[in-house]
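Engineer: for reference, the sequence and a predicted model appear below.
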Amino acid sequence: MASETDSFLHMSRPLAPTTLNFQSSVAPLNVTIQPQAIFSILDHAIRSDIPSSSRVIGALVGIRSEEGSEVNVSSSFAIPHTENEDQVEVDVDYQRNMLSLHLRAHPREVLLGWYTTSHELNSFSALIQNFFASPETGTFPHPSVHLTVDADPFAQIRTKTYISGPIAVNSERAPETCMFMEVPHHLAYNDAERSALDTIASAKDSESRTAPIGTDVQALSGTITHIVGTMDRVNDYLSTVIDEEREANNTLGQYMTGTLSLNPKVEPLTIESDFNNHIQDVLMVSYLANSIRTQIDLSQRLATATLSEEGVKTDGKDGEKENKGERGERGERGQRGNRRGGRGGGRGGQQREPREPREPRENGD
């Protein structure tokens, strides 16, 4: 009796460097992606002159853990390339220069891999993947991370991350072939980034595709409303589980129990009092900050006015000195002229006494 068996091919990553020295690390990867990297990729796709049916590519940079199992993608930059049915060309010099400049500004970051705006994996993808994993221009000995992002403006943003391993039989086909293996990833953001993302996401409901930035009080009100809505959903879920209308989830129950056990038991009056004290502290800090800002502005204006007055006084003194100098020179010249005129007048003005006429002498005398 013959039994039907399914044929399959088992493939594993090499435990030693291959003939091309690609990816000797076999550690599993957990990829963390920052929101600014996704925004940079989407901006590249929107501003590109390439038709929407084609893809754009770029490099991923960030921080890798010491053992190489954790990767944090914090930024990305575009790389010019041309791609058609027959070949693909990547501007290698541009990629090297941009990577050098980026690492100079962020010395802790390293090259992690590359991204594209298409989920299709083909021979060109394998060629680019091997380029970013090579010892000369890539992430060797660590695996290169390949991130795919759906940049369709009318669809949700979907992301996938891959690493690869060589599967070629000979060295001639090795640069064009590789096996992509999907690895887990998640988006990470802090509270400030979450607030910015919520504000941006609220623009999808408006016709102008814009969202106003509210005040701090409005943000606090929105946060409280969100918390109240979340608590209502949890309460509804617990009510349906207690009434046996829905099957209980042990994992979710343990998570809720752990979360509630971390919160201290505080009376409502105490919470209100602490909240009012916090608001007063915030108002006091805001008042002091405005007072310091006003004082700095006033001191700058006074310093500017003082410098202006000193400049005017200096100009006036210089003008008076010049006028006095001119007057002094004119006075000296006049005195000299008067002296000369006085001498001439003295000589010409001396009156001589008239002499008595002499008597004519006689001839006999």
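Structural biologist: That came in fine, so what should we check first? Computed from a predicted model, the values in this text were never measured in an experiment. Numbers count the residues shown, from 1 in each chain.
Engineer: span of stretch 134-150 from start to end?
Structural biologist: 26 Å (Cα to Cα, to the nearest Å).
Engineer: check contacts around Leu298.
Structural biologist: By Cβ atoms under 8 Å, 6 or more residues apart in numbering, the contact set of Leu298 is empty. Glycine gets a C-beta too; all of them are placed from N, C-alpha and C.
Engineer: check it and give its pLDDT.
Structural biologist: Note on Leu298: pLDDT of 90.
Engineer: how about the secondary structure of it?
Structural biologist: helix (DSSP: H, G, I helix; E, B strand; the rest coil).
Engineer: and Thr199, by the same measure?
Structural biologist: helix.
Engineer: now do the same contact list for it.
Structural biologist: 211, 213.
Engineer: how near is it to Ala59?
Structural biologist: Distance of Thr199 to Ala59, given as Cβ to Cβ, to the nearest Å: 29 Å.
Engineer: and what of Val88?
Structural biologist: Going from Val88 to Ala59 by Cβ to Cβ gives 16 Å.
Engineer: and Asn235, by the same measure?
Structural biologist: 47 Å.
Engineer: these two - which one has more neighbours?
Structural biologist: Counted by other Cβ atoms under 10 Å, Asn235 and Ala59 do not tie: Ala59 has more neighbours, with 19 against 10.
Engineer: partners of the helix or strand hosting the more buried one in the sheet?
Structural biologist: Following DSSP states H and E, one finds Ala59 within strand 57-64. Using DSSP bridges, strand 57-64 pairs in its sheet with strand 70-79 (antiparallel), strand 110-116 (antiparallel).
Engineer: what's the most buried one of the ones you listed?
Structural biologist: Burial of those is given as mean neighbour count (mean count of other Cβ atoms under 10 Å); strand 110-116 ranks first at a mean of 24.
Engineer: got a list of contacts for that strand?
Structural biologist: 41, 55-64, 71, 73, 76, 79, 99, 103, 125, 128-129, 132, 138-139, 144-149.
Engineer: tally of neighbours for Leu262?
Structural biologist: Counted with other Cβ under 10 Å, residues neighbouring Leu262 total 7.
Engineer: gap between the strand holding Ala59 and the chain center?
Structural biologist: Relative to the centre of its chain, strand 57-64 is centred 16 Å away, using Cα atoms, centre = their mean, to the nearest Å.
Engineer: state the mean pLDDT of it.
Structural biologist: Mean predicted lDDT for strand 57-64 stands at 91.
Engineer: what does stretch 132-152 give?
Structural biologist: 85.
Engineer: before we move on, what about stretch 206-217?
Structural biologist: The model assigns stretch 206-217 a mean pLDDT of 77.
Engineer: could you export it as PDB, CA atoms only?
Structural biologist: Output of stretch 206-217 as PDB, limited to C-alpha atoms (Å, rounded to 0.1, in the frame of the first residue of the first chain):
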ATOM      1  CA  SER A 206     -11.800  66.900   7.200                       C
ATOM      2  CA  GLU A 207     -12.300  67.900   3.600                       C
ATOM      3  CA  SER A 208      -9.300  70.300   3.600                       C
ATOM      4  CA  ARG A 209      -7.100  67.400   5.000                       C
ATOM      5  CA  THR A 210      -5.900  69.700   7.700                       C
ATOM      6  CA  ALA A 211      -6.100  69.500  11.500                       C
ATOM      7  CA  PRO A 212      -5.800  72.500  13.900                       C
ATOM      8  CA  ILE A 213      -3.400  72.300  16.800                       C
ATOM      9  CA  GLY A 214      -5.400  72.800  20.000                       C
ATOM     10  CA  THR A 215      -4.400  74.200  23.400                       C
ATOM     11  CA  ASP A 216      -3.100  72.200  26.300                       C
ATOM     12  CA  VAL A 217      -6.500  72.200  27.900                       C
END
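Engineer: which other residues reach it?
Structural biologist: Contacts of stretch 206-217 (Cβ under 8 Å, 6+ apart): 199-200, 202-203, 222.
Engineer: which of those residues sits closest to Glu272?
Structural biologist: Gly222 (19.9 Å; Cβ to Cβ).
Engineer: what count of nearby residues applies to the closest one?
Structural biologist: Neighbours around Gly222, by other Cβ under 10 Å: 15.
Engineer: quick check: it is in a strand.
Structural biologist: No: using three-state DSSP, the assignment for Gly222 is helix, not a strand.
Engineer: and it, what does it touch?
Structural biologist: With Cβ under 8 Å, 6+ apart, Gly222 has these contacts: 198, 214.
Engineer: just the pLDDT at it, thanks.
Structural biologist: At Gly222, pLDDT is 80.
Engineer: what does Asp365 give?
Structural biologist: Taking Asp365 on its own, its pLDDT is 46.
Engineer: and if you look at Glu4?
Structural biologist: 46.
Engineer: hey, where'd the helices end up in the stretch 1-150 of the chain?
Structural biologist: Taking DSSP state H, counting those that start in this stretch as the criterion, the stretch 1-150 of the chain contains helices spanning 35-47, 92-105, 123-133.
Engineer: where's Glu228, which helix or strand?
Structural biologist: Not quite, residue 228 is Val, not Glu. Using DSSP H and E, Val228 falls in helix 216-242.
Engineer: next up, identify which helix or strand Gly214 is on.
Structural biologist: Here Gly214 is assigned to no helix or strand, by DSSP H and E.
Engineer: could you report the neighbour count for it?
Structural biologist: Gly214 is flanked by 13 other residues according to other Cβ under 10 Å.
Engineer: swap in the one 5 residues further on?
Structural biologist: Using other Cβ under 10 Å as the criterion, Ala219 is surrounded by 14 other residues.
Engineer: what's the answer for Met179, then?
Structural biologist: Number of residues near Met179 (other Cβ under 10 Å) recorded here: 16.
Engineer: thank you kindly, that will do.
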